[in-house]
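J.: what's the 3D shape of this:
(chains A and B)
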Amino acid sequence: MDLLKFFTAGSVDDGKSTLIGRLLYDSESILADQLEALQRSNRKNDDGTIDLAILTDGLKAEREQGITIDVAYKYFQTEKRKFIIADTPGHIQYTRNMVTGASNSNLAIILVDARKGVVEQTMRHSFIVSLLELKHVVVCINKMDMVNFDQTVFDQIRSAYSAIASQLNLHDVTYIPVSALKGDNVVNKSMNMNWFQGKSLLDHLESVSLTEDINLDQARMPVQWVVRPQTDELHDYRGYAGRVLSGTFKVNDRVVIMPSGSRSVISKIETFENEIENANTGMSATIHLMDNVDVSRGDLIVGEKNLPKNSNLIEADLCWMDSQPLDIGLTYLIQHNSKVSKCRIQEILYQVNINTLEKLSPHVFNLNEIGRVVLKTAGNLTFDLYQENKSNGGAILIDSRTNLTVAALMFRAVAD
Amino acid sequence: MLLKKNEMTELINSQYPIHMNKQDADYLDQLESEAIYILREVAGQFEKPALLFSGGKDSITLVRLAEKAFRPGKFPFPLVHIDTGHNFPETITYRDEMINRINEKLIVGYVQDSIDQGKVIEQKGKNASRNSLQTSTLLDTIAAHGFDACIGGARRDEEKARAKERIFSVRDEFGQWDPKRQRPELWNIYNGRIHKGENVRVFPISNWTELDVWNYIRREKISLPSIYFAHSREVITRNGQIMAAADHLNMDHLDVVSSKKVRFRTVGDMTCTAAIESEADQIDDIIEEIKASKISERGARMDDKVSEAAMEDRKKGGYF
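T.: Numbers count the residues shown, from 1 in each chain, chains lettered A, B, ... in the order given. Alright, predicted model coming up:
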C-alpha cells in the first residue's frame, strides 16, 4: 500500500468541505463519536441531512465565521491506498495557505461549480497548481444535481478548462462530474449520470500512478546530522545521516560533497541496525565515505553524474506570505533543505495577477502576491531547478527580526 | 520488578506472533522516514531539545524512531516525563525498564512538587483530575532546564484542533499556541528559529493515524505497557465510562467495583483514561479491534468531552 497526498482548492461555496466530508463519510472513515458530535451540532442541510462540511472545520474562529482559514490535514485509508488530504481555503486572501498545501501534495483537486463554470478563482487555483508543479490534476465539476445532471454542462466546462490546462502546461488532467451533497461519483458511481464513462473520484485517487513522479537521475542527500558515537569500540565511526531527496545512492558510488566539491566513494549505507546496498528516494539513511573528507550539516552529498546548479544568483518564483511587505533593502535568511544562508532580493522582475495571469510591472510584494525575482545569497547554494527536481528546488525566506517564514521560493534558473 | 531480557523477549513473542504483511511496508516506510528526518532536524536546529515521554504508545514509538535516527550514537536529547502521581503503575514499570534498556537520560517533573510549592491547587471532588495541572509542571520543567524544543507524540488525526497544528509548532514564553500566528510549513523545510524564551513543540508523527502507529508497533515488535493488552481488572463505571478502580478516583459508596476483562487505548492518568471491554490480548487482535472500532481514540478521554472546543482551549494554554 502506498501513500497519496492531495490538496483541494475551492471555496466554501463550491462545496469543498462537503466533498471531503463525503469522501470520508462514504468511505466509512468517520468514527462513531465524531459522527455523534456531528449529529449533536445544529448545522443541517436544508433537507435535514447532516452537514458533512463540519467534519473539516477545525478551529473555533472558523466555526464562528463559517470559513476555513488554515491548512487542515485529514487522513483516510482504503484497501488500496493511504491518503493525506491538505484541506485549504480558496479565497484570494488565503493564497499562501493554498501554496503551503500544494507544496506538500502529489495531486490537486480543483472544484468548479457546475452552475457557474470556469471562473476567476478556477484560474487562480490552477495557476498555483502549475506554480508548485503538481503533476496530477482532477477537475471536479460539482453540484451536478443543480443542473439536472446535464452532460452538455459538463462538456462545456471541460472544454473551457482544457484551454487553461494547456496555457498552464498541466498535462495529466481528469474531469469528473460530481454531486458532493448527494454523493454522486464521489465514492460511488452515480446512477444519475450514465453518460459518464470515467471512474468515481475515489476510484481515480486509488489508481493514479505515482511511480513516474520520482526523479531517478539526480542523486541528492543533504546531511542533517553527523553520527559520531566516540566510544571506545566505535572510535572511528563517522556516519552522515540524512534523507535521500531524489535519485539513488549505492555502495561504491562516487559522490561529490557540495559546496566544497570534495570527492569520495560510498563505503557503507546503514539504516539503524541494517546495512543496505541502496538508499532510494525518500529513505532516511546514514552514509559512510571511504575518505576522511570534511562534511557537516547543511552540506549536500550528490552523485557524480548530473551535478546540481551552484550559484549565488538565482532567478526564482516567489509567493509572499507575511502581512509585512517585502523590504528590498533588508537581508533575509534563506532556508534550503538543512542549510540556512543570508540572502537579499536583488531585483523584482515582475509580478503576476493570479486571477488573469497577466504580468504586472514590478512593485513591492504584499501578502499573497506572486512573481519572479532574482536572489543573491551569501555564498553559493547548490540546488536544482524546481521544475526538474522539486525536492531540491524549493526554499523558504525567513525574516530574522520576527523569525517568521515570509516567502516560498521556487528556483527557476541560474541568473547571470 | 524488572523483567530479564529473555523473559521480555518471550513476552513480546507471545503478544506479537505474526510478522507484518508486505503490503503495509510502503506507507509505513514513508512515515518512518519522514519522522526520522524531523527528529534529525530537531537535533540539527536546536541547542537544547528534549523528548516528552508519557509512557503511551505514541511516545514509545518516538523512542524507537529516535533510536533509528541516532544510533549507534546517543540521543542528542534527554527524555522528560511529567509524572502526575496518578499514573498507572504499569506505566512507571515500563518506563524504568525502557530507560534501563536504551541507556539514555530521563528527567522527571512531578506534579506533586507543583502542588507542594503552591503553584497549582489540587482539584476537589469526585471527578478531580491532575490532568490539567500537568501543564504548569511541564512549563516549569521546560524553563528549569532551558529546553528550546520539546518533541511530542501528538498526531493530527486525534482531534480537529490538532489537524491544523504544524509539525514545528512555536510556543510563546507562556507555552501558549496561537493558531492564527502559525508559520506556513512548506515542503519538508522546517523553520525552527525562535526568540529567547520561546520554544518549539515538534510532532514527528503528525501524519500518522492510530492504526499506523499500531501497524508500526507490530512491524517493529515494540513492547508496550501491559495495560494496552486485555487483562482482568477491578473497575468502576462512571459517567458511562469504565475506569480502573484506584484511590485517585475518590471512590464512594455509589461506585460499584467489579472485575472485567479490559484494555486501555491510551495511557493517561488513571483519573481520566477510560478502559474498553476487550478480549484483545495480542497485537493482531488489537489491530482488528481498532479497524472495526466505533469509538475514536480520544473518545475514551473524558477531558475532551467538556466542550467541542476543549482541546483547542487547552492547547492555547500550553497543554501538549
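
J.: for chain A, name the helix or strand with the lowest mean pLDDT.
T.: The helix or strand with the lowest mean pLDDT-type score in chain A, counting by mean pLDDT, DSSP states H and E, is helix A:60-65 (a mean of 57).

J.: what's downstream of that one, the next helix or strand?
T.: Toward the C-terminal end, the helix or strand that comes next after helix A:60-65 (DSSP states H and E) is strand A:72-77.

J.: just checking, what packs against that next one?
T.: helix A:16-26, strand A:81-87 (3 or more Cβ pairs under 8 Å, 6 or more residues apart in numbering or on different chains; DSSP states H and E). From N, CA and C alone the C-beta is placed, and that goes for glycine too.

J.: tell me the mean pLDDT over the longest one?
T.: This means helix A:16-26. Confidence for helix A:16-26, expressed as mean pLDDT, is 82.

J.: please state the offset of it from the chain centre?
T.: 21 Å (Cα atoms, centre = their mean, to the nearest Å).

J.: that older thread, out of the helices and strands packed on strand A:72-77, flag the one nearest chain B.
T.: If you check each of the helices and strands packed on strand A:72-77 against chain B by Cβ to the nearest Cβ, strand A:81-87 wins as the nearest, at 4.6 Å.

J.: now the helices and strands packed on strand A:72-77 as TSV including distance to chain B and mean neighbour count?
T.: Supplementary listing: those in TSV, determined by distance: least, Cβ to the nearest Cβ, whole Å; neighbours: other Cβ atoms under 10 Å in any protein chain shown:
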stretch	distance to chain B	mean neighbour count
helix A:16-26	11	24
strand A:81-87	5	23
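
J.: hmm, who's touching the lengthiest helix in chain A?
T.: If you go by DSSP state H, chain A has its longest helix at helix A:151-167. Residues outside helix A:151-167 that contact it (Cβ atoms under 8 Å, 6 or more residues apart in numbering or on different chains): A:112, A:114, A:117-118, A:122-123, A:126, A:137, A:139, A:141, A:144, A:147, A:170-171, A:173, A:175, A:177, A:193, A:195-196, A:357.

J.: mark which of those are buried, thanks.
T.: Buried by 16 or more other Cβ atoms under 10 Å in any protein chain shown: A:112, A:114, A:118, A:122-123, A:126, A:137, A:139, A:141, A:144, A:147, A:170, A:173, A:175, A:177, A:193, A:196, out of these.

J.: please narrow these to those residing in helices.
T.: Using DSSP H, the buried ones among the contacts of helix A:151-167 in helices are A:122-123, A:126.

J.: residue A:20: which of the residues you listed is nearest?
T.: residue A:122 (18.3 Å; Cβ to Cβ).

J.: ok, that closest one touching residue A:113?
T.: No: with contact defined as Cβ atoms under 8 Å, residue A:122 does not count as touching residue A:113 (9.2 Å).

J.: what is the end-to-end distance of stretch B:71-87?
T.: From its first residue to its last, stretch B:71-87 covers 30 Å (Cα to Cα, to the nearest Å).

J.: I should have written stretch A:357-370 there, sorry.
T.: Length of stretch A:357-370, first residue to last, Cα to Cα: 10 Å.

J.: buried residues, it. List them.
T.: A:365, A:367-370.

J.: include pLDDT when you put those into TSV, please.
T.: TSV is the format used below for those (pLDDT from 0 to 100):
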residue	pLDDT
A:365	93
A:367	90
A:368	90
A:369	93
A:370	94
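
J.: could you work out the most separated pair of these?
T.: The span of the buried residues of stretch A:357-370, defined through Cβ to Cβ, is set by A:367 and A:370 at 10.9 Å.

J.: what touches both of those two?
T.: Joint contacts of residue A:367 and residue A:370 (Cβ under 8 Å, 6+ apart) are residue A:320.

J.: and stretch A:84-94, C-alpha only, in CSV?
T.: Taking C-alpha atoms only, stretch A:84-94 is exported to CSV below (Å, rounded to 0.1, in the frame of the first residue of the first chain):
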residue,chain,number,x,y,z
ILE,A,84,-3.5,12.5,3.3
ILE,A,85,-5.7,15.5,2.4
ALA,A,86,-4.4,19.0,2.8
ASP,A,87,-7.7,21.0,3.0
THR,A,88,-7.1,24.6,2.2
PRO,A,89,-9.3,27.6,1.8
GLY,A,90,-9.9,29.0,-1.7
HIS,A,91,-10.3,32.7,-1.2
ILE,A,92,-7.6,35.0,-2.6
GLN,A,93,-6.6,36.2,0.9
TYR,A,94,-5.6,32.6,1.7
